[in-house]
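# Quick one: sequence and predicted model below, then my questions.
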Amino acid sequence: MTRIGMVAFDLDGTLVDSVADIAHALNQMLREVDLPAPSGDKIRAWVGDGVRRLVKRALTGTPDGEPEPGLYARGFEAFRRAYHAHLAVETRPYPGALDVLQSLRERDCAMACITNKAAEFTEPLLEALALRSYFGVVLSGDSLTQRKPHPLPLLHAARQFGVTPQQACMVGDSRNDMLAARAAGFGAVGVRYGYGQDVSVLRPDAMLDSLAELPPLLEKWAAGLAPASASRYV
């Protein structure tokens, strides 16, 4: 595999553990509309498809439910207000994340953050956690006409950096990340510590237990060596 010149990172469940703050905002929203709070495991499973789908899931208790429009409007505004007020109270980068970003910066590797989170939350969260400066490109779920699992955000980021898809990889914890990587022709790197989605069934090129494993993996790829956990050898 050629040297990786760009790494795209998912945000929630990959770079940062944000579920506590998201749960706080969802629970406040549900109290306002007089609905019961879901379990933490449910909330973890609901993250990854953007704020609108997250709110609908919380209001209906199902992955694909559609709440009554009036209830949804009330819930959506209540969630936005609550999450803005509690965006980075308990959210923290995963262990080793900052070290990995610094290491890649020192190697002149371009980095993008590509998330389905709405831009109104993405940008202030990255700033609050001192992560924004690492990324030459930040794309949120509402930045372009398509979001993950569509390949458009990944291909857009690659064009911004002047790299080919074969010179890029996507690191994430969700099916959306792996499907987008495959569709874009990126290397697909899954993480095992995210929000409960077993992305190994999609046979990514590598699975990581920690982001600290990413720089050595990229070195092996640059040397033409397959990672031990790879499901297709390059």
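Happy to help now that I have it.

# quick one: contacts of stretch 71-82?
With Cβ atoms under 8 Å, 6 or more residues apart in numbering as the contact definition, stretch 71-82 has outside contacts at 24-26, 28-30, 32-33, 51-52, 54-56, 58-59, 66-67, 120. (Each C-beta comes from the backbone N, C-alpha and C, glycine too.)

# please redo it, this time with the cut-off set to 6 Å
A25, Q28, M29, E32, V33, V55, L59 (Cβ atoms under 6 Å, 6 or more residues apart in numbering).

# and the last one, which of the three is it?
Meaning L59. For L59, the assignment made with DSSP: H, G, I helix; E, B strand; the rest coil gives helix.

# Give me the local confidence score for the nearest residue in space to it that is not next to it in sequence.
Leaving aside its sequence neighbours, L59 sits nearest to P67 (Cβ to Cβ, 6 or more residues apart in numbering; 4.1 Å). According to the prediction, P67 has pLDDT 96.

# and P67, which of the three is it?
Assignment for P67 (three-state DSSP): coil.

# quick one, what contacts it?
By Cβ under 6 Å, 6+ apart, P67 lies in contact with K56, L59, T60.

# Return the distance of the second one relative to D12.
The one in question is L59. Look at L59 and D12: by Cβ to Cβ, to the nearest Å, they are 20 Å apart.

# more neighbours, the two?
Neighbours were counted for L59 and for D12 using other Cβ atoms under 10 Å; D12 has more, 26 against 23.

# Show me what that one is bridged to.
In this structure, D12 bridges to V16 when assessed by DSSP bridges.

# my guess is it meets S18, correct?
Yes: with contact defined as Cβ atoms under 6 Å, D12 reaches S18; the gap is 4.8 Å.

# and T62, how many neighbours?
Residues near T62, counting by other Cβ under 10 Å, number 11.

# Need phi/psi at it.
Backbone geometry at T62, expressed as degrees, to the nearest 10, gives phi -130, psi 150.

# show me the contacts for it.
With contacts defined as Cβ under 6 Å, 6+ apart, T62 has no neighbours.

# Distance from the lowest-mean-pLDDT helix or strand in the chain to the middle of the chain?
Taking mean pLDDT, DSSP states H and E as the measure, the helix or strand of the chain with the lowest value is helix 40-46, at a mean of 85. Averaging C-alpha positions (Cα atoms, centre = their mean, to the nearest Å) puts helix 40-46 15 Å from its chain's average.

# which helices and strands does that helix pack with?
For helix 40-46, not one helix or strand is in contact under the criterion 3 or more Cβ pairs under 6 Å, 6 or more residues apart in numbering; DSSP states H and E.

# Name the residues of it that come out as buried.
For helix 40-46, burial by neighbour count (16 or more other Cβ atoms under 10 Å) applies to K42, I43, R44, W46.

# Next: stretch 80-93.
Buried residues in stretch 80-93, counted by 16+ other Cβ under 10 Å: R80, A82, Y83, H86, L87, A88, T91, P93.

# Give me the mean pLDDT for it.
On average, the pLDDT along stretch 80-93 is 97.

# can you start the count at 38 instead of 1 from here on
Understood, numbering begins at 38; the last thing we discussed is stretch 117-130.
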